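Undergrad: have a look at this prediction, sequence included:
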Amino acid sequence: MTTQEEVEERVLATAQQIVKNLGTSSDMKEDMIFILSNFDNRFSNITDLFSSSGGDRLEGRLDTAEKVISQWGCSSTLGSGRDFIPWEDLPDVAAEYLAAVDDVIAITEEAEGNQGGGQPVDTLDRADRVLQMAMDRLEDEFRHFLIQNTVPLDAARLYGSIRRMSLSFASDGGETIEDLVTSEEELDASLEDRSTGGSLSNLLDIDVVRPEAVPHLKSIADRMIRSRYERECCQAYSGVRRDVLDECLATLGVERMSIEEVQRMEWKELDEKMKKWIHAVKVVAQALLLGERQLCDQIFEASPLVADACFTETTKGCVMQLLNFAEAVAIGQRSPEKLFRILDMYDALSSVIPDLEIRFSEETREFLCSEADITLKRLGDAAKGTLAEFENAVQRETSQKQLQFGGIHPLTRYVMNYVKLLVDYSGTLNGLMNQDGDAGEDPAVEHHDDNSHGGNMSPLGCHVLSTVSYLESNIAEKSKLYEDSGLQYVFLMNNILYMVQKVKDSDLGALLGDEWIRKHRGQIRQYARSYLRASWTKVLHCLKDEGIGFNSSSGSASKVALKERFKNFNFAFEEVCRNQMTWKVPDSQLREELRISISEMVIPAYRSFMGRFGGFLEGGRHAAKYMKYTPEDLERYLLDLFEGLSGPSNHSRRKLSS
């Protein structure tokens with residue numbers, strides 16, 4: 001048998017020969033001698049292979065490894081901070097410790113393999129104890145090192161990663177990342193193309209852990225997995241990373257809240273939470289999950305199963321927290337102002353479900369995607385229910401407060417702006433209304449004259465038409481609150497014109513059709529004619545020939561009757577102008593058209609009456625008292641109509657042509 005001394009002599013001779021073969025440089029020789037001197041422990045292990053056999057050989061190696069491992073104690077006897085192995089500052093010490101761990105693992109594996117050949121059980125038990133001490137220590141090192149090298153993520157970087165990612169995908173082919181996430185293979189291929197040379201990391205600009213720390217974390221994970229301590233390693237990893245993701249959600253404005261807390265919120269606060277959730281769900285699904293997936297795959301490369309388990313344990317709670325908030329919103333009280341935020345949440349969640357499908361392993365994917373689908377359906381149901389409630393509210397709105405001056409009613413503004421916004425979500429809403437047999441035409445418009453599209457009108461088109469029809473009926477009822485029939489028609493003109501303009505100047509036009517616009521323009525003209533009759537018939541009646549005793553053959557007329565007729569005209573004209581100068585017609589074109597119509601009706605009649613009968617009073621006593629106005633004076637007064645004025649005003653605008 002070879003003696004210990006002979007083995008050492010052979011090893012030293014071999015080392016000297018290596019140095020000699022490297023050349024004559026004294027610096028190189030010294031470097032090599034220094035390097036080889038660091039392998040004293042390993043030389044001892046090598047000599048053990050020559051000098052020992054069986055239990056003695058393993059015991060000797062175990063003694064050496066245990067000496068190194070025990071120097072650092074275990075987590076149960078040492079604290080943290082200064083007692084941890086300083087990986088960055090003392091790499092040689094760390095390497096020695098890991099080499100000792102490797103040796104214990106090898107001894108354990110060899111001892112287990114030789115048990116059938118008479119290997120002592122106590123050697124294996126002792127090796128297991130040393131290994132457990134080492135694993136406890138490595139678990140603490142892993143956790144500590146992971147915490148120390150975690151990169152803080154602020155909201156600006158998180159939002160920025162999504163913007164850069166979307167812009168990058170769009171610039172490649174006019175697609176957003178949501179467009180590309182249609183299958184696992186397609187997305188993986190897209191990401192692989194963009195990740196050449198580390199470009200994906202630059203694109204995301206999210207290093208969840210400092211890149212230089214990953215090899216150290218991997219070296220610990222490899223040993224814990226090999227030693228069958230993968231569960232402890234996974235717990236250490238997921239515990240740290242879960243806290244980091246919780247902080248990220250808080251940074252994004254998504255705190256952990258109960259359903260009751262969400263439902264008790266005032267709308268303004270809830271609206272802000274919903275907006276932040278919409279951004280957060282995209283950041284989490286499209287950036288954080290990707291970064292976390294990559295980190296798990298790098299650190300736990302030795303075992304894809306462990307990588308999957310760590311990723312799931314780390315991220316599942318974060319995803320569920322997002323879904324729970326959406327669930328609380330979906331089952332909360334419905335009100336019209338929530339609809340568009342709910343639709344935004346629906347679209348956001350729908351867009352990231354493919355990301356969830358490709359990130360998680362089969363079992364977790366089935367659970368999370370099922371939960372996401374349930375939440376998505378409830379958001380959709382909430383949106384449809386809110387839309388139906390809105391339509392019913394328009395129909396039932398029965399406020400009796402008279403709107404001063406006949407202007408545009410707040411209900412008209414609110415409803416038309418609301419349905420105008422609905423068109424922006426036409427794709428989502430049509431999809432929702434087509435679900436569960438909701439595609440049928442609204443009963444309120446099934447035989448409606450405005451349904452110019454017939455059976456081709458989309459579900460949203462039917463709903464909008466129904467809502468607008470209810471609004472028209474409601475406005476017609478509210479017009480009856482005005483005692484003055486002329487003001488009723490002004491009110492109707494104002495409100496119907498506002499509706500027409502909103503339809504014409506937006507995508508509502510394509511939804512309701514040109515025929516709807518033409519019909520309602522005709523309706524406005526009809527209201528204008530009705531207004532002229534209601535407001536000016538009495539004035540014009542004063543300019544009739546009947547009742548003034550006019551004799552065409554003698555060319556005479558009753559001055560008393562003429563004075564009374566001019567007096568009545570002046571009074572009627574002044575009363576109408578005094579009232580209607582306070583009325584409001586916001587649209588300048590309609591206002592001008594009404595004035596022209598009045599002028600064309602009144603001024604020629606007045607001029608004709610004065611031409612026929614004014615001469616009978618001219619030169620008489622107090623003639624100016626009765627013939628107060630010239631036709632030009634009347635035109636100037638008409639310029640004050642529909643301005644919402646509190647008194648007469650002097651206009652510098654041109655006179656209307658008679």
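TA: Done, it's in.
Undergrad: can we go C-alpha only for contacts and neighbour counts from here?
TA: OK.
Undergrad: any idea which helix or strand comes after the strand or helix carrying V240?
TA: Taking DSSP states H and E as the definition, one finds V240 inside helix 230-251. Next helix or strand after helix 230-251 toward the C-terminus (DSSP H and E): helix 259-263.
Undergrad: may I have that following helix as PDB, with CA atoms only?
TA: Output of helix 259-263 as PDB, limited to C-alpha atoms (Å, rounded to 0.1, in the frame of the first residue of the first chain):
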ATOM      1  CA  ILE A 259     -64.300  43.100  -0.400                       C
ATOM      2  CA  GLU A 260     -66.100  45.100   2.300                       C
ATOM      3  CA  GLU A 261     -63.300  47.700   2.300                       C
ATOM      4  CA  VAL A 262     -63.600  48.100  -1.400                       C
ATOM      5  CA  GLN A 263     -67.400  48.400  -1.400                       C
END
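Undergrad: what's around K544, how many residues?
TA: Using other CA atoms under 10 Å, K544 has 13 neighbouring residues.
Undergrad: would you mind measuring from it to E327?
TA: 73 Å (CA to CA, to the nearest Å).
Undergrad: same question for R293.
TA: 26 Å.
Undergrad: repeat for D122
TA: Taken as CA to CA, the span from D122 to E327 is 57 Å.
Undergrad: out of those two, which sits in the more crowded spot?
TA: E327 (21 against 10).
Undergrad: next one: phi and psi at that one?
TA: phi -60, psi -40 (degrees, to the nearest 10).
Undergrad: next, the residue nearest to it when sequence neighbours are not counted: secondary structure please.
TA: Of all residues not flanking E327 in the chain, T375 sits nearest, at 5.6 Å (CA to CA, 6 or more residues apart in numbering). Put simply, T375 is helix when judged by DSSP: H, G, I helix; E, B strand; the rest coil.
Undergrad: contacts only, for T375.
TA: 323, 326-327, 330 (CA atoms under 8 Å, 6 or more residues apart in numbering).
Undergrad: re the thing from before, what helices and strands are in contact with the helix holding V240?
TA: Where contact means 3 or more CA pairs under 8 Å, 6 or more residues apart in numbering; DSSP states H and E, helix 230-251 is packed against helix 121-148, helix 214-226, helix 304-330.
Undergrad: how about the contacts of T375 in CSV, adding pLDDT and distance to A572?
TA: Output for the contacts of T375, formatted as CSV (pLDDT from 0 to 100; distance: CA to CA, whole Å):
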residue, pLDDT, distance to A572
L323, 96, 69
A326, 96, 64
E327, 95, 65
A330, 95, 60
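Undergrad: can you verify my assumption that L532 contacts I598?
TA: Yes: the criterion here is CA atoms under 8 Å, and L532 meets it with I598 at 7.1 Å.
Undergrad: R521: neighbouring residues, count only.
TA: 17.
Undergrad: doesn't it belong to a helix?
TA: Yes: checked against three-state DSSP, R521 lies within a helix.
Undergrad: doesn't V500 make contact with it?
TA: Yes: R521 sits in contact with V500 when judged by CA under 8 Å, with a separation of 7.4 Å.
Undergrad: okay, and the residue positioned nearest the centre of the chain sits in which element?
TA: Centroid check for the chain by CA atoms, centre = their mean gives I278 as the closest residue, at 3.1 Å. Assigned by DSSP H and E, I278 falls within helix 267-283.
Undergrad: residues near C462, how many?
TA: Neighbours of C462 using other CA under 10 Å come to 26.
Undergrad: okay, it: pLDDT?
TA: Predicted confidence (pLDDT) for C462: 94.
Undergrad: tell me which element it is part of?
TA: helix 459-479.
Undergrad: list the buried ones in that helix?
TA: Of all the residues in helix 459-479, those buried under the rule 16 or more other CA atoms under 10 Å are 459-472, 474-476, 478-479.
Undergrad: stretch 250-264 now?
TA: Under the neighbour-count rule (16+ other CA under 10 Å), stretch 250-264 has 251-255, 259, 262-263 buried.
Undergrad: endpoint to endpoint, it covers what distance?
TA: Per CA to CA, stretch 250-264 runs 20 Å from first to last residue.
Undergrad: so how far is it from its chain's centroid?
TA: 16 Å (CA atoms, centre = their mean, to the nearest Å).
Undergrad: coming back round to it: now do the same contact list for the residue nearest to the centre of the chain.
TA: 344-345, 348-349.
Undergrad: which one of the residues you listed is nearest Q580?
TA: Within these, the smallest distance to Q580 is 45.6 Å, found for D344 (CA to CA).
Undergrad: that closest one: how many residues sit nearby?
TA: D344: 18 neighbours (other CA under 10 Å).
Undergrad: chain neighbours aside, what residue packs nearest to it?
TA: I278 (6.9 Å).
Undergrad: any idea how far the one you found lies from E261?
TA: 19 Å.
Undergrad: okay, and for the stretch 51-200 of the chain, where does confidence drop off?
TA: Within the stretch 51-200 of the chain, the segments meeting pLDDT under 70 span 51-58, 73-89, 113-121, 155-200.
Undergrad: wait, I meant the chain
TA: 1-58, 73-89, 113-121, 155-206, 436-455, 549-557, 619-620, 622, 646-658.
Undergrad: domain ranges for it, per the record?
TA: With automatic domain parsing as the criterion, the domains of the chain are listed as 1-42, 52-148, 155-389, 397-532, 542-638.
Undergrad: next, format these as a markdown table and append distance to G644.
TA: Formatted as a markdown table, the domains of the chain follow (distance: least, CA to CA, whole Å):
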| stretch | distance to G644 |
| --- | --- |
| domain 1-42 | 97 |
| domain 52-148 | 69 |
| domain 155-389 | 32 |
| domain 397-532 | 7 |
| domain 542-638 | 4 |
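Undergrad: so which of those gets nearest L645?
TA: Closest approach to L645 among these is made by domain 542-638 (4.8 Å; CA to CA).
Undergrad: end-to-end on that closest one?
TA: 18 Å.
Undergrad: chain center to stretch 135-145, what's the gap?
TA: Counting by CA atoms, centre = their mean, stretch 135-145 comes out at 40 Å from the chain centroid.
Undergrad: tabulate the CA atom coordinates of that stretch in PDB.
TA: This file holds the C-alpha atoms of stretch 135-145, laid out as PDB (Å, rounded to 0.1, in the frame of the first residue of the first chain):
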ATOM      1  CA  MET A 135     -28.000  23.400   4.500                       C
ATOM      2  CA  ASP A 136     -29.400  25.400   7.400                       C
ATOM      3  CA  ARG A 137     -26.500  27.800   6.900                       C
ATOM      4  CA  LEU A 138     -26.800  27.900   3.100                       C
ATOM      5  CA  GLU A 139     -30.600  28.600   3.400                       C
ATOM      6  CA  ASP A 140     -29.800  31.600   5.600                       C
ATOM      7  CA  GLU A 141     -27.100  32.700   3.200                       C
ATOM      8  CA  PHE A 142     -29.400  32.300   0.200                       C
ATOM      9  CA  ARG A 143     -32.200  34.400   1.900                       C
ATOM     10  CA  HIS A 144     -29.800  37.100   3.100                       C
ATOM     11  CA  PHE A 145     -28.000  37.300  -0.200                       C
END
